[in-house]
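>>> A structural model of the following input is requested.
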Amino acid sequence: MTLAQTTLEILLWGCFAAVVYAYAGYPALVYFMSRLIARRRPVPNLRDEDLPTVSLLLAAYNEEDVIDGRIRNALAANYPTDRLEIVIATDGCTDETSAIVRRYADRGVRLLEYSKRRGKAAVLNESVPQLRGQVIMLSDANTYTDPDAVRHLVRWFRDSVVGSVCGRLVLSDPASGKNVDSLYWKYETFIKRQESRLGALLGANGGIYAIRKDLYVPLPPAAILDDLLIPLLAKLRTNCDIVFEPEAVAREETAAGVGAEFQRRTRIGAGGFGSLRPLAGLLDPRRGWVFFTFLSHKVLRWCCPFCLVGLLLASVILALGGQSLYQGILAAQLAFYATALAAAYIPGRRMPVKILRLTTMFTGMNGALLIGFGRWVWGTQTGTWRRTARTAERQLGSSTLGSGPIIAGRRPDSREVSGAIAGMPPVLISEA
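A predicted model of the protein is given here:
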């Protein structure tokens, strides 16, 4: 056996082991460890008079199609109005977003309007010092929270060790509005639960999370993944706990098409690589479980596209040597990628089809990460963002005229909007 062949075999099996561990070995390991050594944290119970003041902050860029409904949803929160501040910060909007927000000034909704578009990180950094709440709750303009979500998030702050709380994001189909939490999303939520039990949760869901205001660390100007950086920068500075709260629910539509989702994942990939420098301190083994989860769940996952490329190239070269084992490994990879391509076009929602589509998701996600890495290296991914179009917005657009959804042929009040998003019957959303 030559040195070159040995090197290729080490590369092949090393890449294969890294991918299997990142996607299967780590979830299994973190599950068993959370069962063996995790501490049981009692759920705090807060009386109304003990509730902290909360500032709900939404950074928005050209969200005229959804901002009205989102504000009504926020106003419907089951939280004392004198302790909940709703703030919309607009990032150089060129549509009617700011004008729509101003309509709610008499209901206490604050508008922080920035004329120059600079990106979400700059908007958050400039807006947070202007907030009045002890706790900052961050969400998105296209995300709708359940009425009790704020209460479920903030009750954890009674524990002085808790610095940030992550809620549970439920995905819905843009055409039917039904809950279509994919197998992959359930898988990621499962991992968050286990990491939270170990006291090593990494970041949050961008649609719903909260942090103590005095723990907020300004983001790097070009930061993209605020939901990853904000909780973890606070943890780096104070070693505070990050908690997952599954009863704090937010609901969001999936992207309208494969192309839009791929672009979103590419941006997330660039943001992930860009976060390595500010979060490098988490790779200190003295941080215990946080070091373990960050290395396994984030860093190694971001390396998987390169492992897949290395695995394929090593297989091709070794297969050319005539060994049947490596020819079989190469054939298996080609069959996997062919299945991923075909599954993208298979109609239906039955479980066998969903399982096949996992190959599409896996391949697309790693492809997006690879492109995201290129954008990060070449500096072509900026901190500004383009909103992802949702199918339901386009269907309702002609009826809403930028003023939120129409329910049963009329404008809804705030509680009806909240109920519709939460899937509470008998509200019906009219078709355009």
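
>>> Let me see the ranges of the strands in the chain.
Remark: strands assigned in the chain by DSSP state E are 54-60, 84-91, 109-114, 135-139, 143-145, 162-172, 208-212, 241-253.

>>> quick one: which of the ones you listed is nearest Leu124?
Of all the strands of the chain, it is strand 54-60 that lies closest to Leu124, at 6.1 Å by Cβ to Cβ. (C-beta placed from N, C-alpha, C; glycine too.)

>>> Show the average pLDDT along the closest one.
The average of the pLDDT scores along strand 54-60 is 97.

>>> Same question for stretch 376-384.
Mean predicted confidence for stretch 376-384 is 75.

>>> what number of residues lie near the spatially closest residue to Thr143 that is not a sequence neighbour?
Nearest residue to Thr143, sequence neighbours excluded (Cβ to Cβ, 6 or more residues apart in numbering): Gly207, at 3.7 Å. Gly207 is flanked by 22 other residues according to other Cβ atoms under 10 Å.

>>> got it, and Gly25?
By other Cβ under 10 Å, the residues close to Gly25 number 14.

>>> which ones are touching the closest residue to Gln130 other than its chain neighbours?
Spatially, and ignoring its direct neighbours in sequence, Gln130 is nearest to Leu112 (6.5 Å; Cβ to Cβ, 6+ apart). Leu112 makes contact with Val87, Ile88, Ala89, Thr90, Val123, Glu126, Ser127, Gln130, according to Cβ atoms under 8 Å, 6 or more residues apart in numbering.

>>> how much space between the fourth one and Ala22?
If I follow you right, that is Thr90. Counting by Cβ to Cβ, to the nearest Å, the separation of Thr90 from Ala22 is 38 Å.

>>> Compare the two (neighbour count), which wins?
Thr90 (24 against 20).

>>> now the more buried one: how far from Lys120?
Going from Thr90 to Lys120 by Cβ to Cβ gives 11 Å.

>>> picking that back up, may I see the strands of the chain arranged in TSV, with distance to Thr2 as well?
Converted to TSV, the strands of the chain look like this (distance: least, Cβ to Cβ, whole Å):
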stretch	distance to Thr2
strand 54-60	57
strand 84-91	57
strand 109-114	62
strand 135-139	56
strand 143-145	56
strand 162-172	50
strand 208-212	53
strand 241-253	49
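
>>> of these, which approaches Thr339 most closely?
strand 162-172 (23.5 Å).

>>> pLDDT on the closest one, on average?
Strand 162-172 comes out at a mean pLDDT of 92.

>>> Run the chain-centre distance for that strand.
How far strand 162-172 lies from its chain's middle: 9 Å, per Cα atoms, centre = their mean, to the nearest Å.

>>> Next, the angle strand 241-253 makes with that strand.
Here strand 162-172 runs at an angle of 20 degrees relative to strand 241-253 (axes from the mean of the first three to the mean of the last three Cα atoms, to 10 degrees).

>>> Narrow the contacts of Leu112 to those that are buried.
The neighbour-count test (16 or more other Cβ atoms under 10 Å) marks Val87, Ile88, Ala89, Thr90, Val123, Ser127 as buried among those.

>>> Touching, the last one and Leu56? I think so.
Which is Ser127. No. With contact defined as Cβ atoms under 8 Å, Ser127 does not reach Leu56; the gap is 11.7 Å.

>>> Need the overlap of contacts for these two.
Residues touching both Ser127 and Leu56 (Cβ under 8 Å, 6+ apart) are Val87.

>>> hang on, the earlier thing: of the buried ones among the contacts of Leu112, which is the nearest to Glu245?
Of the buried ones among the contacts of Leu112, the one sitting nearest to Glu245 (Cβ to Cβ) turns out to be Val87, at 21.9 Å.

>>> for the closest one, which residues make a bridge with it?
On the basis of DSSP bridges, Val87 is bridged to Leu57, Arg110.

>>> mind checking how far it is from Tyr104?
Val87 is 11 Å from Tyr104, where distance means Cβ to Cβ.

>>> One more: Ala280?
In terms of Cβ to Cβ, Ala280 sits 42 Å off from Tyr104.

>>> what about these two, which has more around it?
The residue with more neighbours, out of Ala280 and Tyr104, is Tyr104; 19 against 11, by other Cβ under 10 Å.

>>> Does that one touch Asn73 like I think?
No. Contact criterion Cβ under 8 Å: Tyr104 and Asn73 do not qualify, at 12.0 Å.

>>> what is the mean pLDDT for stretch 130-147?
Taken as a whole, stretch 130-147 has a mean pLDDT of 96.

>>> and Leu276, backbone torsions?
Main-chain dihedrals, Leu276, degrees, to the nearest 10: phi -60, psi -40.

>>> need the contact list for it.
Contacts of Leu276 by Cβ under 8 Å, 6+ apart are Val299, Trp302.

>>> measure it to Lys298 for me?
If you go by Cβ to Cβ, the gap between Leu276 and Lys298 works out to 9 Å.

>>> quick one: the helices in the stretch 101-250 of the chain?
Secondary structure of the stretch 101-250 of the chain by DSSP state H, counting those that start in this stretch: the helices cover 120-127, 149-154, 183-197, 226-238.

>>> Among those, which comes closest to Glu9?
For Glu9, the closest of these is helix 183-197, at 30.7 Å, according to Cβ to Cβ.

>>> Share the number of residues neighbouring the residue lying closest to Pro52 once chain neighbours are set aside, please.
Among residues not flanking Pro52 along the chain, Gln134 sits closest, at 4.3 Å (Cβ to Cβ, 6+ apart). Neighbours of Gln134 under the rule other Cβ under 10 Å: 16.

>>> burial measure for the residue nearest to Val128 when sequence neighbours are not counted, as a count.
Once flanking residues are discounted, Val128 sits nearest to Tyr216: 5.1 Å by Cβ to Cβ, 6+ apart. Tyr216 has 21 neighbours, counted by other Cβ under 10 Å.

>>> For Pro231, see how far away Tyr216 is.
According to Cβ to Cβ, Tyr216 stands 10 Å off from Pro231.

>>> swap in Gln130?
Distance from Gln130 to Pro231, by Cβ to Cβ: 21 Å.

>>> Need the phi and psi values for Asn62.
Dihedral angles for Asn62 - degrees, to the nearest 10 - are phi 50, psi 60.
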